[in-house]
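Prediction below, plus the sequence it came from.
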Amino acid sequence: MSQLGTAIVENVVLSYGPSEFLTRLSDPFWFQALGCTMGMDWHSSGITTAVMGALKRGLNPRFSGLGFAICGGRGRHSVRTPDELRAFSGRTGLDGDELARTSRLTARVDNNAIADGFQLYLHSFVIHKSGEWSVVQQGMNPASHLARRYHWHCASVRDFVSDPHTAIVGQPQGTILNLVDARADRAQQALLAIAKEPVESSLQDARKLTMPSHHDVRAADVDLKRLGAVLAVAHEQELRDFASLLLVEGLGPRTLQSLALIAEVVHGAPSRFSDPARFSFAHGGKDGHPFPVPLKTYDESLAVLRRALDAAKLGHSEKVEGFRRLDRLTRAVEEDRQPLADFSAAITHERNISASLGGRTVFDDVRRSKSKRADPQLSLFQNER
């Protein structure tokens with residue numbers, strides 16, 4: 001996940017610049033689609049921790065080339081954010097104390113100024129050497145065990161106490177006391193003056209990203225016309241040959257399917273991510289939904305991405321540009337032919353070929369561990385080795 005996520009980010013930065021990555025990171029739909037493409041459970045709150053952890057491991061060592069640092073993280077890692085930001089400022093000449101103050105402000109706003117019953121347990125501060133930053137943090141409701149994610153981008157913050165977020169996403173939990181809503185100015189003044197009770201107001205809900213409670217991916221969770229275009233490009237002979245030519249690679253249909261979805265994550269407009277579950281058709285999900293992660297396809301997708309990036313660094317951009325053309329081809333097929341995916345058939349096909357592609361889930365490790373414990377001779381043999 002770390003390698004694939006890093007390669008996708010590098011493609012975004014190479015194609016659109018570092019600011020665009022921070023902008024996309026603050027879009028909850030793109031974030032969810034990215035996590036699905038990386039093989040994380042499409043509906044899970046754990047997608048936030050997994051994606052940010054994977055990107056931190058992948059991007060921080062590449063600071064000299066990309067200029068990004070991801071500070072903080074989950075639990076005890078979050079309290080290290082100020083020190084990590086000050087260390088970052090020492091390498092870039094930015095004001096470390098000001099960055100640390102900004103980090104604390106974003107956390108305090110989401111933990112204290114928004115009374116929604118969610119307590120923060122993850123705080124990730126993503127910053128570029130230019131000083132531009134984005135924040136992704138997540139809170140947990142101890143009663144319902146549901147999560148809520150908060151997205152920030154410095155370009156959208158005009159005032160920390162007046163609609164500073166790009167998005168807040170999670171299941172509706174009734175009336176919320178939001179003291180950083182732009183309409184809460186009177187409540188803010190009242191609190192400052194300790195004169196009267198604050199006024200209740202609701203969170204903005206222009207675009208709602210709500211993950212259902214069911215684990216399986218269902219047809220209703222996916223735009224079948226968009227998925228149909230991806231499957232057509234990957235599996236219909238004429239389209240497949242042309243798509244493979246765009247990437248200057250001789251690729252099989254299953255890898256093309258993954259790369260078409262990766263190309264959309266890199267080049268797609270915000271409106272393309274309204275059904276993030278569709279992106280789980282790139283590399284499945286570690287919980288087995290909609291199908292086990294096909295490790296051979298995952299590795300091949302990553303290899304194609306890495307070869308394209310390495311070639312671009314040497315001045316050969318045709319492979320990177322191929323991803324842009326692949327995204328355009330898929331959208332053209334969607335608009336001209338408007339193919340509808342046979343959802344059940346697509347799932348059945350993926351599960352039938354799973355074993356041949358090295359399909360795995362987290363449950364395979366659990367079963368293997370139980371099998372080893374149940375066989376004392378096997379355990380003895382391993383100890384001797």
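All right, it came through fine.

which secondary structure element contains F31?
Assigning secondary structure by DSSP states H and E places F31 in helix 28-37.

So which elements touch that helix?
helix 2-16, helix 18-25, helix 46-59, strand 147-153, helix 253-267, helix 280-283 (3 or more CB pairs under 8 Å, 6 or more residues apart in numbering; DSSP states H and E). The way it works is simple: take the backbone N, C-alpha and C, and place the C-beta from them, glycine included.

The same query, at a cut-off of 7 Å, please.
Using 3 or more CB pairs under 7 Å, 6 or more residues apart in numbering; DSSP states H and E as the contact criterion, the secondary-structure elements in contact with helix 28-37 are helix 46-59, helix 253-267, helix 280-283.

The residue lying closest to S317 once chain neighbours are set aside: neighbour count?
In space, not counting the residues next to it along the chain, S317 is nearest to A311; the distance is 7.5 Å by CB to CB, 6 or more residues apart in numbering. When neighbours are defined as other CB atoms under 10 Å, A311 has 15 of them.

And D221, by the same measure?
If you count neighbours by other CB under 10 Å, D221 ends up with 19.

ok, it touching A277?
Yes: here D221 reaches A277: they are 4.0 Å apart, a contact under CB atoms under 7 Å.

Would you check how far apart the residue nearest to R278 when sequence neighbours are not counted and S301 are?
Leaving aside its chain neighbours, R278 sits nearest to V222 (4.6 Å; criterion: CB to CB, 6+ apart). When CB to CB, to the nearest Å is the yardstick, V222 and S301 sit 20 Å from each other.

Which one's more surrounded, the two?
A direct count of neighbours by other CB under 10 Å for V222 and S301 places S301 higher, at 26 against 23.

Against R325, how distant is the residue nearest to R278?
When distances are taken as CB to CB, V222 and R325 turn out to be 24 Å apart.

Next: P294.
Taken as CB to CB, the spacing of P294 relative to R325 amounts to 25 Å.

repeat for N352
In this structure, N352 and R325 are separated by 31 Å, where distance is defined by CB to CB.

Just want to know which of these two has more residues nearby.
Set side by side, N352 and R325 show unequal neighbour counts under other CB under 10 Å, the larger going to R325 at 17 against 10.

sorry, back to before: could you check how far the residue nearest to R278 is from G228?
10 Å.

where exactly do the helices run in the stretch 101-250 of the chain?
Shown for the stretch 101-250 of the chain, the helices assigned by DSSP state H, counting those that start in this stretch span residues 185-193, 224-235, 237-246.

In a markdown table, list these along with mean neighbour count.
Compiled in a markdown table, those are given as follows (neighbours: other CB atoms under 10 Å):
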| stretch | mean neighbour count |
| --- | --- |
| helix 185-193 | 13 |
| helix 224-235 | 22 |
| helix 237-246 | 16 |
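
Present the ones you listed as CSV; the columns should include mean pLDDT and distance to F125.
Putting the helices of the stretch 101-250 of the chain into CSV (pLDDT from 0 to 100; distance: least, CB to CB, whole Å) gives the following:
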stretch, mean pLDDT, distance to F125
helix 185-193, 59, 25
helix 224-235, 96, 33
helix 237-246, 91, 37
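
among the ones you listed, which is nearest E264?
The minimum distance between E264 and the helices of the stretch 101-250 of the chain falls on helix 224-235, with 8.1 Å, by CB to CB.

And that closest one, how far out from the chain middle?
Put simply, helix 224-235 sits 22 Å off its chain's centre (CA atoms, centre = their mean, to the nearest Å).
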